[in-house]
Each structure stands twice: as C-alpha cells, then as structure tokens.
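[1] Below: sequence and its predicted model.
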Amino acid sequence: MTANNAPTFAIIMLLTGIGIPILAALNGGLGGRLGSPMAASMILFGLAFLIATTGALVTGSVGQIRFTSDIPFHFYFGGLFVAFYVIAVTFIAPKFGVGNAIFFVLVGQLVSAAVIDHFALFGSMPFPVDAKRLAGIALMVAGVYLARRTG
C-alpha cells in the first residue's frame with residue numbers, strides 16, 4: 001500500500017463497513033418475508049455469484065479461476081466463512097437486532113484482525129500487537145459496546 005492509496009482504501013472499507021449492517025437488515029427482512037432465511041441466503045449468493053462472474057468477465061479474470069495444489073488448501077476457506085456469516089446474520093439479526101448482531105461481529109473482527117496481523121497469518125503483513133494496540137482495541141470494543149448499550 002502506498003500513501004497515495006490509503007485514503008481511497010479507507011473510503012472503500014468504510015463503505016464496506018456501512019454495507020454490512022445494511023446486508024444484515026435486508027437479508028434478514030428477505031428471509032422473514034420468504035419464510036426461510038436459507039432461501040434468502042441462496043438468493044444473496046446467487047446475485048453475488050452473478051456480480052462476481054460479471055466482474056471476472058469484464059476484467060478478463062475468468063482464466064485465473066482454478067483449484068490447484070500450488071495454492072494451500074486453507075486459502076479456499078474464505079467461501080466457508082462468508083457463507084457462515086451471511087447465513088448466521090440472516091437467521092439471527094431479525095431476532096437479536098441488527099445492532100446487537102453487528103456488535104458481536106465487530107468484536108470478533110477486532111480480535112481476529114489483531115491475531116492475524118500479529119502473527120502475519122495467511123501471508124498478511126505483520127503488525128505486532130503491543131500495549132498501545134491492545135489499549136486501542138479495548139477502547140474500540142468499549143466504544144462499540146457503549147454505542148449499542150440500551151437503557
């Protein structure tokens with residue numbers, strides 16, 4: 001990442017973060033109206049597949065799609081995690097509240113991201129967790145908690 005890309009990357013990720021609770025609310029609502037959170041998840045993934053396929057066709061990336069022993073097996077588990085997230089949030093957000101569901105997603109993301117960065121897992125760039133970073137993460141968790149607290 002260059003300093004020139006950082007603002008663009010930050011804006012894109014901010015918009016992505018804005019979209020996650022919207023996804024939870026919309027897909028949870030779709031699941032309720034269909035009477036099946038699994039059917040709503042299938043519709044979401046069907047549309048996502050069409051969009052990703054279109055993107056691959058437009059960028060000429062279709063030829064890069066492959067399963068090969070040259071790529072460690074665990075790199076293919078991303079689909080498992082995104083499916084788990086979408087299905088879980090589609091089932092749980094309407095019953096638990098979008099904000100409450102996303103609160104726990106955010107806490108999980110903070111912890112997981114810190115571990116991945118600290119140990120440079122999955123080929124990521126190393127960013128060691130030190131006392132300042134732990135304090136920052138704790139403040140973020142406290143802030144998210146206070147923002148979601150009711151009563």
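    In hand now; what should we look at? Just so it is clear, the model here is predicted, and its values are computed rather than measured.

[2] Can you mark which positions in the longest helix seen in the chain are buried?
    With secondary structure taken from DSSP state H, the chain has its longest helix at helix 6-34. Under the neighbour-count criterion of 16 or more other CB atoms under 10 Å, helix 6-34 has 20-21, 23-28, 30-31 buried. Every C-beta, even on glycine, is put in place using the N, C-alpha and C of the backbone.

[3] With stretch 35-51 instead?
    Using 16+ other CB under 10 Å as the test for burial, stretch 35-51 gives 37, 40-41, 44-45.

[4] hang on, the earlier thing: just checking, what packs against the longest helix of the chain?
    Under the contact criterion of 3 or more CB pairs under 8 Å, 6 or more residues apart in numbering; DSSP states H and E, helix 6-34 touches helix 37-59, helix 78-96, helix 98-119.

[5] any idea of the angle the longest one forms with helix 78-96?
    Orientation of helix 37-59 against helix 78-96 (axes from the mean of the first three to the mean of the last three CA atoms, to 10 degrees) gives an angle of 140 degrees.

[6] per-residue confidence averaged over helix 37-59?
    For helix 37-59, mean pLDDT rounds to 97.

[7] quick one: low-confidence parts of the chain?
    1-3, 150-151 (pLDDT under 70).

[8] quick check: domain ranges of it?
    1-96, 97-151 (automatic domain parsing).
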